[in-house]
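J.: the following block contains a protein sequence and its predicted model.
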Amino acid sequence: MLNNVFVFDIETVPDVDGARRLYQLKDLSDESVAKVMAAKRQQETDGASDFLRHHLHRIVAISAVFRHDDKLSVWSLGDEDATEAELVRRFFEGIERYSPTLVSWNGGGFDLPVLHYRALIHGISAPRYWDTGNDDPSFRYNNYLGRFHWRHIDLMDVLAAYQPRASASLDDIATLLGFPGKMGMSGKDVWPSYLAGQLPAIRQYCETDVLNTYLVFLAFERMRGHLLDRQYHEEVARVRQMLTDGHKPHFNEFLAAWPADDSTTDARP
């Protein structure tokens, strides 16, 4: 079950260029345009939220944990100077090549719709992702688009039994399981960090998010009987070793926030 799993997360900022076209804001700075966008959203929601609608987000980072054959890796797609189009293209090219099981936290509610809109805007083709059985009959009843299918597992949605009132945050669930949870940044910090030129920190934050998601996914796989206790503990140990071998500061911080004496180190059969 773990031989072709792609856990992903995206980080976004306001699509200020798009807002300039929509709202005729040519003479305003990026920061001022974003404030207009937030104000308009507050008007739409009667002050309940300034979180932008999906089509007004621009992707600045996509990170992944990829478990393929006997290899495990975590990284951010593209270089730091990659365009949004390149990031989105790389994401869908990976699906085209490997047809992995996608795993996310709220990917059905946020990440994938944003990726859909950005792929549409950039003219990116993704036939494997959009297939519902016309090209591959096996996709008829199990494809990436079906909410109750298993080619994309939105852990937040599944664990809440598809009930919005039962949903929880990744930070809460990861922390309850003894994993590090959010570290040093949250979604609301991405835009100011981006304005400050801190894209490397945003990419690192995104990578720690997918690490948490993968670890929660392992616990989920054990719960539904796809991993024995021994296999679960072995895979958790594999994650620890990967981070240790990576010799990166944010990996070291993740390990430091993840006690080595928790239950995940008990390699019982």
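T.: Received it, and whenever you're ready, just let me know what you need. Bear in mind that the values here come from a model prediction, so they are computed numbers and not experimental data.
J.: now the helices for this structure?
T.: 16-23, 30-44, 84-98, 112-122, 127-130, 155-159, 170-176, 190-195, 199-223, 229-246, 249-256 (DSSP state H).
J.: tell me who's in contact with the closest residue to residue 39 other than its chain neighbours.
T.: Leaving aside its chain neighbours, residue 39 sits nearest to residue 50 (7.5 Å; criterion: Cβ to Cβ, 6 or more residues apart in numbering). Just so you know, the C-beta spots here come from the backbone N, C-alpha and C atoms, and that holds for glycine as well. Contacts here follow Cβ atoms under 8 Å, 6 or more residues apart in numbering; on that basis residue 50 touches 38, 39, 41, 42.
J.: once you drop chain neighbours, what's closest to the last one?
T.: Spelled out, it's residue 42. In space, residue 42 is closest to residue 50, 5.0 Å off (Cβ to Cβ, 6+ apart).
J.: ditto for the third one
T.: In space, not counting the residues next to it along the chain, residue 41 is nearest to residue 50; the distance is 4.9 Å by Cβ to Cβ, 6+ apart.
J.: how near is that neighbour to residue 161?
T.: 30 Å (Cβ to Cβ, to the nearest Å).
J.: ditto for residue 258
T.: 28 Å.
J.: neighbour count winner among those two?
T.: residue 258 (21 against 8; other Cβ atoms under 10 Å).
J.: and for the nearest residue to that one once chain neighbours are set aside, the neighbour number?
T.: Of all residues not flanking residue 258 in the chain, residue 180 sits nearest, at 5.0 Å (Cβ to Cβ, 6+ apart). Close neighbours of residue 180, defined as other Cβ under 10 Å, add up to 19.
J.: I'd guessed residue 180 sits against residue 208; true?
T.: Yes: applying Cβ atoms under 8 Å as the test, residue 180 and residue 208 come out as touching, 7.1 Å apart.
J.: shared neighbours, these two?
T.: residue 254.
J.: was I right to think residue 218 contacts residue 234?
T.: No: contact criterion Cβ under 8 Å: residue 218 and residue 234 do not qualify, at 10.0 Å.
J.: those two: which is more packed in?
T.: Just comparing residue 218 and residue 234: by other Cβ under 10 Å the higher neighbour count belongs to residue 218, 25 against 12.
J.: list the residues that contact residue 26.
T.: residue 20.
J.: if we go to 10 Å?
T.: Contact analysis of residue 26 by Cβ atoms under 10 Å, 6 or more residues apart in numbering lists 20, 33.
J.: burial of the residue nearest to residue 99 when sequence neighbours are not counted, as a residue count?
T.: Excluding its sequence neighbours, the residue lying closest to residue 99 (Cβ to Cβ, 6+ apart) is residue 128, at 6.1 Å. By other Cβ under 10 Å, 19 other residues sit near residue 128.
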